[in-house]
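Chemist: Sequence and computational prediction follow.
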Amino acid sequence: MRQRPWLGPAVTLVVAVALWFYPNLVDAAGWPIFYLLFAYTVFFWVTQASSWNLFTGFSGYFSFGQGAFYGVGVYALGVLVVKRGWPLLPTFVVGGLLASVLGLFIGLVVFRLRRLRGEIFALMTLAVAFVLGAVARISPTIDGGQGIPLSSVPTPDALGTHPQMIFRLGLITAVLAVVVVQVVQNSRLGWGLFSIRDDEDVAETLGVPTFRFKMIALGLTSFLAGLSGAVHALQVSYVTIEEVFNIRVPLMVILMSILGGTRHWMGPVLGALVVHTMSDRLNRAGLEAVSDIIVGALLILMIVAIKEGLYLRMRERPLVTAIGAAVGVAAGFVLGPLDSAVTHLAYTLLGAVLGAMVPVGRRRRPQSGAPATQTIEEVVGG
């Protein structure tokens, strides 16, 4: 039975309203500002991973263009606010719109040519980020190789101090991304994208408007990535080409989405939380030099062992996952040190993940969101 399509967005908005006042709680309780910055970073990766999954996870067109869309948003804020004197808040939207224009232009060129699929499409989207980086380097209007300082950008007092402001802006972008993906997944557009992922030629034969659906999905993906990039520019404080137009953002969102599961909106959310929490705790434990190796090895193990993604596996095995989380909490108290709530969270998540990986002799249920023949017929029939 299909879930009520309004339930997911409604719950997300209720959680968002509660989280809006979290900075006030942190301030009243005297907790470290780190909790706000950690939460913001989770929001950032949730936005980026969810937006990537909206296009690539649902349609099957593997894209490395996330770095380009994110970079357009970052530089839009840097150039328009610092060099042109634009007001801050409208520039966030402009950054998303400019990224969306880039995404739609790529789609207009690529989706008309059938031979530009698969690996060729992925390589083309990867090249876009490097081209944009080269353009920014040689253009003094954009960067000129000097970078753009953002530490002196005036911020609205209504959003609180800088940590409180960045938390709330990150919350807004994450909620927007998650709600958009929730709505798309349970809509005719989402079913059409799933049919494209399964077999685009068959979907076209049955009358699915594949070009229009892919353009809409790519436009939404690029807008959300650019919007998040514009917000993140305030956290970066100093924008440089090397830090913006690199491979890190697309690789991280790909890993987070695939780890969490690409067939459900909750997959990238869970993947972003797990990956960032583990990486943060390893770095704070003084393992910066090997943290990428450890996280990478864990991700490979989890992806191989849980091909359908963490979320669907945990949903199928709630008892085993809960037991694993409880064991993780207990192990945290034994192994320690439990110096913060984030460390508690890391042990809990690690235990839940390991619990979900335990082999169970059960027949696997069909993946949620995967379209069957009747789903494609619903898409065609409207």
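Modeler: Alright, I've got the coordinates. Residues are numbered from 1 along each chain as shown.

Chemist: Stretch 108-124: how far from the chain's middle?
Modeler: 23 Å (C-alpha atoms, centre = their mean, to the nearest Å).

Chemist: now do stretch 340-350
Modeler: 21 Å.

Chemist: do the same with stretch 174-189
Modeler: The answer for stretch 174-189 is 13 Å, by C-alpha atoms, centre = their mean.

Chemist: for that stretch, which positions count as buried?
Modeler: 174-186, 188-189 (16 or more other C-beta atoms under 10 Å). No exception for glycine: its C-beta is placed from N, CA and C like everyone else's.

Chemist: same question, stretch 133-140
Modeler: 133, 136, 137.

Chemist: for it, what is the average pLDDT?
Modeler: What stretch 133-140 shows for mean pLDDT is 91.

Chemist: ok so, going back, among the buried residues of stretch 174-189, name the ones in strands.
Modeler: Residues of the buried residues of stretch 174-189 located in strands (DSSP state E): none.

Chemist: Between the buried residues of stretch 133-140, which sits nearest residue 313?
Modeler: Closest approach to residue 313 among the buried residues of stretch 133-140 (C-beta to C-beta): residue 133, at 37.7 Å.

Chemist: Kindly reformat the buried residues of stretch 133-140 as CSV and extend each row with distance to residue 86.
Modeler: Listed next are the buried residues of stretch 133-140 as CSV, based on distance: C-beta to C-beta, whole Å:
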residue, distance to residue 86
133, 23
136, 18
137, 23
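
Chemist: Specify which member of the residues you listed is nearest to residue 198.
Modeler: residue 133 (35.1 Å).

Chemist: pretty sure the closest one contacts residue 243?
Modeler: No. In this structure, residue 133 is not within contact of residue 243 by C-beta atoms under 8 Å, at 10.4 Å.

Chemist: quick one: common contacting residues for the two?
Modeler: Between them, residue 133 and residue 243 share no contacting residue under C-beta atoms under 8 Å, 6 or more residues apart in numbering.

Chemist: still on that earlier bit, got the buried residues of stretch 133-140 as a markdown table, with distance to residue 220 and secondary structure columns?
Modeler: Below are these laid out as a markdown table (distance: C-beta to C-beta, whole Å; DSSP: H, G, I helix; E, B strand; the rest coil):
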| residue | distance to residue 220 | secondary structure |
| --- | --- | --- |
| 133 | 24 | helix |
| 136 | 25 | helix |
| 137 | 29 | helix |
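
Chemist: and which of these is nearest residue 47?
Modeler: Nearest to residue 47 among those, counting by C-beta to C-beta, is residue 133 at 21.7 Å.

Chemist: number of nearby residues for the nearest residue to the closest one once chain neighbours are set aside?
Modeler: Counting by C-beta to C-beta, 6 or more residues apart in numbering, residue 133 lies nearest to residue 245, which is 3.3 Å off, once chain neighbours are set aside. Residue 245 has 26 neighbours, counted by other C-beta atoms under 10 Å.

Chemist: same question, residue 30
Modeler: Counted with other C-beta under 10 Å, the neighbours of residue 30 add up to 6.

Chemist: Now do the same for residue 339: its pLDDT.
Modeler: At residue 339, pLDDT is 63.

Chemist: can you give me the strands in the stretch 1-150 of the chain?
Modeler: For the stretch 1-150 of the chain, the strands defined by DSSP state E, counting those that start in this stretch occupy 148-149.

Chemist: so how far is residue 145 from the residue most central in space within the chain?
Modeler: Closest residue to the average C-alpha location of the chain: residue 49 at 1.7 Å, with C-alpha atoms, centre = their mean. Residue 49 is 31 Å from residue 145, where distance means C-beta to C-beta, to the nearest Å.

Chemist: What strand or helix carries the residue sitting furthest away from the middle of the chain?
Modeler: Farthest-out residue of the chain from its mean C-alpha position, per C-alpha atoms, centre = their mean: residue 334, at 33.5 Å. Using DSSP states H and E, residue 334 sits within helix 318-335.

Chemist: Give me the packing partners of the helix or strand following that helix, helices and strands only.
Modeler: Next along the chain after helix 318-335, taking DSSP H and E as the criterion, comes helix 341-357. Packing partners of helix 341-357 (3 or more C-beta pairs under 8 Å, 6 or more residues apart in numbering; DSSP states H and E): helix 34-52, helix 266-284, helix 288-305, helix 310-316, helix 318-335.

Chemist: who touches residue 94 in this structure?
Modeler: Residues in contact with residue 94 (C-beta under 8 Å, 6+ apart) are 76, 80, 86, 230.

Chemist: Filter those residues down to the buried ones.
Modeler: 76, 80, 230.

Chemist: so, if you compare these, which one comes nearest to residue 93?
Modeler: Once C-beta to C-beta is applied, the member of the buried ones among the contacts of residue 94 that ends up nearest residue 93 is residue 230, at 8.3 Å.

Chemist: Tell me the spacing between the residue lying closest to the closest one once chain neighbours are set aside and residue 239.
Modeler: Excluding the flanking residues, the one nearest residue 230 by C-beta to C-beta, 6+ apart is residue 95, at 3.2 Å. The spacing between residue 95 and residue 239, counted by C-beta to C-beta, is 12 Å.

Chemist: neighbour-wise, which of these two wins?
Modeler: Counted by other C-beta under 10 Å, residue 95 and residue 239 do not tie: residue 95 has more neighbours, with 31 against 22.

Chemist: Make sure the more buried one is actually in contact with residue 69.
Modeler: No. Under the criterion of C-beta under 8 Å, residue 95 makes no contact with residue 69, lying 9.7 Å away.

Chemist: any residues in contact with both of those two?
Modeler: Shared contacts of residue 95 and residue 69, counting by C-beta under 8 Å, 6+ apart, come down to 226, 229.

Chemist: can you list the weak-confidence ranges in this structure?
Modeler: 1-3, 114-118, 336-339, 360-382 (pLDDT under 70).

Chemist: any idea which helix is longest in it?
Modeler: In the chain, with assignment by DSSP state H, the single longest helix is helix 210-236.

Chemist: re the thing from before, overlap in contacts, residue 95 and residue 239.
Modeler: With C-beta under 8 Å, 6+ apart, residue 95 and residue 239 have common neighbours residue 74.
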